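Engineer: Just need the structure, nothing else, for what follows:
(one chain, ligands or ions: 1)
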Amino acid sequence: MRHWLSTQAAGERPPRMATGPPSCPRRGWLMAKRRRTDYSLIADSYDRRYLLNRLPGIAAALHRLLDRLRPAAVLEVGCGTGRWLTECAGRAPRVIGVDPFTEMLRRAADKGETFHLVCGRDTPLPLRDHSIDLVYCVNAIHHFSSPHGFVIEAARILRPGGTLAVVGMDPRRGAAQWYPYRFFEGTFARDLDRFPAWEEMNRWADAAGLVPAPRQEAERSYARFAGAEVGQDPFLEKEACSQLTMLTEAEYAAGRRRIDTAVRAAEAAGRSLVLETEIIFDLWSAVKPAESRPVIGGGRTSSG
Ligand SMILES: C[S@@+](CC[C@H](N)C(=O)[O-])C[C@H]1O[C@@H](n2cnc3c(N)ncnc32)[C@H](O)[C@@H]1O
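Structural biologist: Numbering: from 1, shown residues only. Take a look at the predicted model:
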């Protein structure tokens, strides 16, 4: 067995074999605060999305980052089933994944790669100051309890010269192109609340002593459905994305009915309703200067 799963700080301690994933501390807190996706319920089906689209642009962006930085230690926060950890394995001597759901970590452990898995959350990060060269997350920051706190924590654990990278979408960019926003009530407003704007990330990074780098587009996914074809969209399944997973059954059913009604109304008018999805995934990053400057506005400061 080449994995370990832990609720402990990963720090510098050697990998420890575990007989099974530990229960995650403060799990109730995770689900209680506001509408959250319960990944314990969808861990088994989560990787189906990657059979449909492996998001090769994100993998390539991650490879470019790893090739450029040549990091000794890499941490993915919100690593889920390990899709991106497998891209890092073999490209960095030490690869660590943190996630609060043991069911997701179990799927990551099944992938048979050499990485360390830790049950934990975005804040506080279970790692020591100045211990990591690359901290990243992919499509996860909108789930974090404190995206701002995460930036502060990343600044703490990064070694001078290290990089924080966040891959994800900003619903403010091309929002009109994800058609479910128009049919499932509250999804767009909730996403505006959940996803930090990149400009806000720049401000948080700057206040935490990190220097934001130019943002890059990593991936663009496009799909188009005409009329009743939309029923075949795999990303319309309730388990396919957090926007739909977090709806109640009644809210989800109401959205599906709105889509059916719109398709039938168009057909009755002799037209075919065209529904489009275009999602842009950006790679945002910020560097911790080799000479750390003092952190403004709280958070733990680095001791040099
Ligand atoms: C959409 S999944 C992304 C998983 C993986 N990064 C990927 O791209 O396949 C979001 C992940 O964030 C995790 N997550 C939820 N709340 C979190 C928190 N407070 N801190 C860290 N991760 C969290 C979930 O368990 C889930 O694995």
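Engineer: E113 should be in a strand, yeah?
Structural biologist: No. With DSSP: H, G, I helix; E, B strand; the rest coil as the criterion, E113 is coil rather than part of a strand.
Engineer: Output the contacting helices and strands for the lengthiest helix in the chain.
Structural biologist: As assigned by DSSP state H, the longest helix anywhere in the chain is helix 249-268. Judged by 3 or more C-beta pairs under 8 Å, 6 or more residues apart in numbering; DSSP states H and E, helix 249-268 is in contact with helix 180-183. Using the backbone N, CA and C atoms, a C-beta is placed for each residue, glycine as well.
Engineer: The helix it packs on: what's the following helix or strand?
Structural biologist: The element immediately downstream of helix 180-183 (helix or strand, assigned by DSSP states H and E) is helix 187-194.
Engineer: is the ligand contacted by that following helix?
Structural biologist: No. Counting by C-beta under 6 Å from any ligand atom, the ligand is not contacted by helix 187-194; separation bottoms out at 10.9 Å.
Engineer: in that helix, what's buried?
Structural biologist: Neighbour-count burial for helix 187-194, with 16 or more other C-beta atoms under 10 Å as criterion, is recorded at 187-188, 190-191, 194.
Engineer: rewinding a little: give the rounded mean pLDDT of the longest helix of the chain.
Structural biologist: Mean pLDDT, helix 249-268: 97.
Engineer: That one: how far from the chain's middle?
Structural biologist: 29 Å (C-alpha atoms, centre = their mean, to the nearest Å).
Engineer: can you state the direction angle for that helix and helix 187-194?
Structural biologist: Per axes from the mean of the first three to the mean of the last three C-alpha atoms, to 10 degrees, the angle that helix 249-268 makes with helix 187-194 is 130 degrees.
Engineer: Beyond helix 249-268, next helix or strand please.
Structural biologist: strand 274-287.
Engineer: So that following strand, near the ligand or not?
Structural biologist: No. No part of strand 274-287 sits near the ligand under the criterion C-beta under 6 Å from any ligand atom; the closest distance found is 9.9 Å.
Engineer: Give the other helices and strands that that strand contacts.
Structural biologist: Partner elements for strand 274-287 (3+ C-beta pairs under 8 Å, 6+ apart): helix 56-69, strand 158-168, helix 198-207, strand 211-212, strand 216-226.
Engineer: nearest to I96, of those?
Structural biologist: Nearest of the helices and strands packed on strand 274-287 to I96, taken as C-beta to C-beta: strand 158-168 at 13.3 Å.
Engineer: so what strands line up beside the closest one?
Structural biologist: Its sheet considered, strand 158-168 pairs with strand 132-138 (parallel), strand 274-287 (antiparallel) by DSSP bridges.
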